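Chemist: pasted the sequence and its predicted model underneath.
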Amino acid sequence: MSEIRIDLRSDTVTKPSPEMRAAMANAEVGDDVYGEDPTTNRLQEKVAALLGKEAALFVPSGTMSNQIAIKCLTQPGDEIICEYESHIYTYEASGVAFNSLVMPRPVWGYYGVMPLEEVEKAIRPENIHAGPTRLIEIENTHNRAGGTIYPIEEVEKIAQLARERKLLMHLDGARLMNASVSTGVAPAEYAKYFDSVSLCLSKGLGAPVGSVLSGSSEFITKALRVRKIFGGAMRQVGILAAGGLYALEHNVERLKIDHENASLLAEGLAGIAGLYIDPKQVQTNIVMIYLRNPDWSTEKLVNQLLKNDVAINAVNHERLRAVTHLDVNRDQILETIEIFRKIMEA
Ligand code: TLP
């Protein structure tokens, strides 16, 4: 696809700014497989401190980060509890089955939040017929639920249950900074309930590549080996880590702007006949747009939008997803609303 003027398909489409590129070009590097890349070490220390963990590991993607964590925390044949529409269950190509030989036990959430009693019911009894439940996975913010925030009180309740039942906890915090900026709850406050936390640098934070997995020193020692097995051990990777450091130093507070733009888009689209927005879903930088006009398909609407230089992804036959980010400004959001109006009212 040629360059699109207003690209709302994902916050993964963000491009490194000239300042970020300069930081990357000037990064001090070394061979990270020897642990000798000073910029990568700095990034790992920074994320570990941000999340209140002993250690952290730079990895190529959010998917690899989740997959390494689950591999480290489970044994083949274990069950893992996750939300039905979680990224690990929906979008990681059955990776948990492929890499870890574990069985997902999905639980339906409300706005991405799994009811405590449903999680409790999903824990297998100690019985020769049951695969042992080992891990509970939470996604914050929850992508397919619409960028919804997992309230800290709910995290705490599930963590307490996990402790009582001797289960481990993994956080897919690809967009944890969006949750944190929106609620004012510190990232370490969320992270303290989890054995492992995955944080993405290449979504709303605007770095071109990379995620960071964090946890105890013992966990990260294991994760280092699994990253090698998965082919994710990199060499002079400080070039990429520098983009991540720049993102954490410059692009966190500004996530507020993305959230304001998402609200603006949601309000504007809600006023257009044939479209429905659930205001409860609009909590951070994602807007789920439901089609309520039988004459339209999401495919047709996506194509019409593209002709007007606006790119949006269809989630399914009735739903589109728009994601705001640092490469889309307020004026472009207002323009997008008008383009939608023009198309839907034609
Ligand atoms: N999400 C992507 C797509 O895979 C759907 C997107 O455009 O939103 N956890 C969460 C919650 C995510 O949303 C994503 C990416 C990942 C993990 C995986 O990150 P990457 O793409 O770096 O492997």
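Modeler: Happy to help now that I have it.

Chemist: could you use CA atoms for every contact and neighbour count after this?
Modeler: Will do.

Chemist: the residue nearest to T336 when sequence neighbours are not counted - how many residues pack around it?
Modeler: Taking Cα to Cα, 6 or more residues apart in numbering as the measure, T336 lies nearest to V310, with 7.0 Å between them; neighbours along the chain are not counted. Around V310 there are 21 other residues, counting by other Cα atoms under 10 Å.

Chemist: 658 is where my numbering starts, stick with that
Modeler: With the count now opening at 658, the last piece we talked about shows up as V967.

Chemist: quick one: V967 and R666 touch, right?
Modeler: No: the criterion here is Cα atoms under 8 Å, and V967 misses it with R666 at 9.0 Å.

Chemist: can you check the pLDDT for the residue nearest to T993?
Modeler: Predicted confidence (pLDDT) for V967: 98.

Chemist: same question, the one 4 residues further on
Modeler: A971 carries a pLDDT score of 97 in this model.

Chemist: re earlier: and the residue nearest to T993, backbone torsions?
Modeler: Summarising the backbone geometry of V967 under the convention degrees, to the nearest 10, its torsions are phi -120, psi 130.

Chemist: what's the span of stretch 678-686, first residue to last?
Modeler: 15 Å (Cα to Cα, to the nearest Å).

Chemist: what does it rub up against?
Modeler: Among residues not part of stretch 678-686, those counted as contacts by Cα atoms under 8 Å, 6 or more residues apart in numbering are 693-696, 893-900, 903.

Chemist: circling back: quickly note the distance from the residue nearest to T993 to I996.
Modeler: Distance of V967 to I996, computed by Cα to Cα: 8 Å.

Chemist: what parts of this protein come near the ligand?
Modeler: Residues of the chain lying near the ligand by Cα under 6 Å from any ligand atom: 667, 669, 718-720, 744, 748, 799-800, 829, 831.

Chemist: now, of these, which are buried?
Modeler: With burial judged by 16 or more other Cα atoms under 10 Å, the buried subset of the residues of the chain next to the ligand is 667, 669, 718-720, 744, 799-800, 829, 831.

Chemist: out of those residues, which sit inside helices?
Modeler: The members of those that map onto helices under DSSP state H are 719-720, 744.

Chemist: list the contacts of S954.
Modeler: The contact partners of S954, taken as Cα under 8 Å, 6+ apart, are 948, 974-975.

Chemist: same thing but at 10 Å, please
Modeler: S954 makes contacts with 948, 971, 973-976, as judged by Cα atoms under 10 Å, 6 or more residues apart in numbering.

Chemist: that older thread, got TSV for the contacts of stretch 678-686, with neighbour count, secondary structure and pLDDT too?
Modeler: As requested, the contacts of stretch 678-686 are arranged in TSV below (neighbours: other Cα atoms under 10 Å; DSSP: H, G, I helix; E, B strand; the rest coil; pLDDT from 0 to 100):
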residue	neighbour count	secondary structure	pLDDT
E693	15	coil	98
D694	21	coil	98
P695	20	helix	98
T696	25	helix	98
Q893	19	coil	98
V894	24	coil	98
G895	29	helix	98
I896	21	helix	98
L897	23	helix	98
A898	33	helix	98
A899	27	helix	98
G900	31	helix	98
Y903	22	helix	98
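
Chemist: now the two most distant members of the residues you listed.
Modeler: Of all pairs drawn from those, the one with the longest distance (Cα to Cα) is E693 and Y903, at 19.8 Å.

Chemist: quick check: phi and psi at V776.
Modeler: The main-chain torsion angles of V776 are listed as degrees, to the nearest 10 and equal phi -60, psi -40.

Chemist: with that, I have no additional questions.
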